[in-house]
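Peer 1: Provided below are the primary sequence and the corresponding predicted coordinates.
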Amino acid sequence: MKNITVIFTVHKDNGAANAQALLEVLERLNPEVVFLEFPEKEIESYTSLSGLENRAIAMHLEKAHPKLVPIDNITPKPDDLHLYNTLFDFLDANSSNVSINMQMEVAGLIRSNGLEYLNSNKYIMAQSELEDHEAKIVSMLGDSEIKRIYRKWRSVNSEREQGMIDNIFSYCEDCETINAVFLVGAAHRRALEERIAERFYSMPDIEWVIGY
């Protein structure tokens, strides 16, 4: 059987969402393979970085020896990052009290409940509502340039998400059995669940566990 557990994380520590908590999950699941939201060309630097997942993997490798498989093919260009920051600044400046309160509530729940909340149905409901708020802000208040950047940002994320799932399926084609974990930012959750469902029947021998 091929088993893949998708663990949704944040890339920076926030209270109970921290590297130690993720390490404990990895130790319990003891995967043979860890799929990483990370580009292959930079994989040698992975465990030296300070992100939550990077540190958890570095600690896990002190006791276990899973194969690390980078599956994110797209690295944003500096010019694109500048554009996206312009979009994020616009969204921050134009957020309603409702969306600001929601963001604060979500951040507080992550801080208090960590990975348990990030991998819950409550998180995906809040995330979906926040994404809908962002789309409305852009539609109602954004000029043509902001709308263009927003479309580009959504398109690039969609391409990344599809690529990651395609790469996992491609890797699994050559495996008779596999016990794997996929570490990925929780902001991708809704889209990834949709893409996994779309591809499920092309390889029904993979048992996906969404959340740990």
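Peer 2: Looks like it arrived, so ask away. Computed from a prediction, not measured in an experiment: that's the story for all the values here. Numbering: from 1, shown residues only.
Peer 1: break down the chain into its strands, ranges please.
Peer 2: Under the criterion DSSP state E, strands of the chain are mapped to 2-9, 33-36, 67-70, 178-185, 206-210.
Peer 1: show residues contacting the first one.
Peer 2: Think strand 2-9. Here strand 2-9 makes contact (Cβ atoms under 8 Å, 6 or more residues apart in numbering) with 17, 22, 25, 29, 31, 35, 52-53, 115, 118-119, 123, 168, 172, 175, 177-186, 188-189, 192, 196, 203, 205-212. From N, CA and C alone the C-beta is placed, and that goes for glycine too.
Peer 1: among those residues, which ones are buried?
Peer 2: Buried subset of those (neighbour count, 16 or more other Cβ atoms under 10 Å): 17, 22, 25, 29, 31, 35, 52-53, 115, 118-119, 123, 168, 172, 178-184, 186, 188-189, 192, 196, 206, 208, 210-212.
Peer 1: give me phi/psi at the closest residue to Val184 other than its chain neighbours?
Peer 2: Leaving aside its chain neighbours, Val184 sits nearest to Glu37 (4.6 Å; criterion: Cβ to Cβ, 6 or more residues apart in numbering). In this entry, Glu37 is assigned phi and psi values of phi -80, psi 80 (degrees, to the nearest 10).
Peer 1: how far away is Glu37 from Asp205?
Peer 2: Distance from Glu37 to Asp205, counting by Cβ to Cβ, to the nearest Å: 24 Å.
Peer 1: and Asp166, by the same measure?
Peer 2: Distance, Asp166 to Asp205, by Cβ to Cβ: 17 Å.
Peer 1: which residues touch the residue nearest to Val184?
Peer 2: Counting by Cβ under 8 Å, 6+ apart, Glu37 makes contact with 53, 71-72, 164, 183-185, 188.
Peer 1: the longest helix in this protein is where?
Peer 2: Ordering each helix of the chain by length in residues (DSSP state H) puts helix 144-173 first.
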